[in-house]
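**Student:** pasting the structure only:
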């Protein structure tokens, strides 16, 4: 199983949960405050489990964006590769929801929808993609932003073989 490209795509999909350029929106003050509460520097260290176990080391920076947006820039080192993601989080009043979009060095861009859960936010993504060899894979990612922690969990399952990659990366300030 090829880890680096597929893994970078999986992290890029997970990164969609944080980022890109959304249209300006007037958001409820509490929703804007919730997004802004995550502004700061975050570090994460976790494990990727596939054919082998490998460490995943990440850092991300959330900063004030234009209007009520929060910008995101992040980098993860895994399987001898680096993945970079960037974009924007926003509460889009017109749609009455949180949205995130992103770009990455793994040539992925996308948008995800988030929901309030308790005092935090949760974004879920499920995609079906092809790896660099053209093999189908299911990708799922979940990002939980809850008080002073961010938890990223993603999984890639190759349809034909059933092989999988799973990573969990907890972040703290």
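**Tutor:** Everything's here; your move. Model, not experiment: these values are computed from the prediction.

**Student:** which stretches of the protein form helices?
**Tutor:** Counting by DSSP state H, the chain has helices at residues 4-15, 29-36.

**Student:** where among those is the average confidence lowest?
**Tutor:** Ranked by mean pLDDT, the helices of the chain end with helix 4-15 at the bottom, a mean of 53.

**Student:** Does residue 117 have any beta-bridge partners, and if so which?
**Tutor:** Counting by DSSP bridges, residue 117 forms beta bridges with residue 120.

**Student:** Quick one: neighbours of it, just the number.
**Tutor:** Using other Cβ atoms under 10 Å, residue 117 has 11 other residues around it. Where you see a C-beta, it was placed from the backbone N, CA and C, and this is true even at glycine.

**Student:** where's it relative to residue 156, distance?
**Tutor:** The spacing between residue 117 and residue 156, counted by Cβ to Cβ, to the nearest Å, is 24 Å.

**Student:** And residue 53, by the same measure?
**Tutor:** From residue 53 to residue 156 the distance is 15 Å (Cβ to Cβ).

**Student:** between these two, which one's more packed in?
**Tutor:** Comparing residue 53 with residue 156 by other Cβ under 10 Å, the one with more neighbours is residue 156, at 26 against 8.

**Student:** Could you tell me the model confidence score at residue 18?
**Tutor:** At residue 18, the model reports a pLDDT of 45.

**Student:** Repeat that for residue 45.
**Tutor:** Taking residue 45 on its own, its pLDDT is 96.

**Student:** contacting residues for it?
**Tutor:** 55, 56, 57, 58, 169, 170 (Cβ atoms under 8 Å, 6 or more residues apart in numbering).
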